[in-house]
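In: Got a predicted structure here, sequence first:
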Amino acid sequence: TMTAADMDRMIVNYAILNGALELLPDSLASMAIIPLQMKMVYRIGQAHGYDLDRGHVKDFLATAGVGLTGQYLEQFGRKLVGGLLGSVLGGLGRGVGSVGTRMAMSFATTYALGQLAVRYYGAGRQMSTALLRQTYQDLLVSAKQLQQQALPQIQQQAQTLDAGKVLEMVRKPLE
């Protein structure tokens with residue numbers, strides 16, 4: 001069993017990892033972030049006594065509004081911010097803006113999703129779709145603020161990431 005503090009630490013660690021993935025030159029983020037978010041949600045559900053499978057976790061992510069739609073919105077945001085910075089600072093600004101936006105969004109979405117899962121499973125899976133989505137959006141606001149505090153940890157994690165270990169984590173089945 002995990003305590004509330006253990007779950008909070010786990011959520012922050014997943015958020016830092018997903019943010020750090022975006023800082024790698026050959027980013028694994030596009031193929032790793034959602035599977036890692038699924039593993040986090042699975043572990044939170046288990047800690048609350050629920051025996052989940054991949055389908056349950058995917059449904060939870062989709063209901064909260066996370067997944068391919070979220071990734072497309074993130075890509076749009078990256079292009080928009082990268083384009084704005086690029087027009088002001090040139091090509092270098094475009095690259096810096098894109099990486100910074102991806103890192104911030106990956107951290108924030110992972111953190112908000114983890115906190116939402118704690119609330120959802122902690123409340124006996126009784127939240128309506130509308131409440132799930134609204135709570136997720138509210139959590140994103142605080143997650144974006146927390147991301148600034150976690151930036152040094154994200155950068156440090158990026159320097160020590162091992163692509164092989166990340167792939168192993170992604171490939172490992174939910175347990």
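Out: Thanks, I have the structure now. From a predicted model like this one, the values you see are computed outputs, not experimental measurements.
In: quick one: which helix or strand includes L23?
Out: Assigned by DSSP states H and E, L23 falls within no helix or strand.
In: Neighbours of it, how many?
Out: Per other Cβ atoms under 10 Å, the neighbour tally for L23 reads 19. C-beta: built from backbone N, CA, C; applies to glycine.
In: Next one: the residue lying closest to it once chain neighbours are set aside from D8, what distance?
Out: Spatial nearest neighbour of L23, chain neighbours left out: A158 (3.8 Å); criterion: Cβ to Cβ, 6 or more residues apart in numbering. Remark: distance between A158 and D8 (Cβ to Cβ, to the nearest Å) = 22 Å.
In: Among these two, which residue is more densely surrounded?
Out: Between A158 and D8, counted using other Cβ under 10 Å, the more crowded position is A158 (18 against 15).
In: secondary structure class for the more buried one?
Out: helix (DSSP: H, G, I helix; E, B strand; the rest coil).
In: Contacts only, for it.
Out: Contact partners of A158, counting by Cβ atoms under 8 Å, 6 or more residues apart in numbering, are A20, L21, L23, L24.
In: quick one: it from K172, how far?
Out: 21 Å.
In: Tell me which helix or strand the residue positioned nearest the centre of the chain sits in.
Out: For the chain, T110 is the residue whose C-alpha lies nearest the centre (Cα atoms, centre = their mean; 2.1 Å). Per DSSP H and E, T110 falls inside helix 91-122.
In: now that helix: mean pLDDT?
Out: The average of the pLDDT scores along helix 91-122 is 76.
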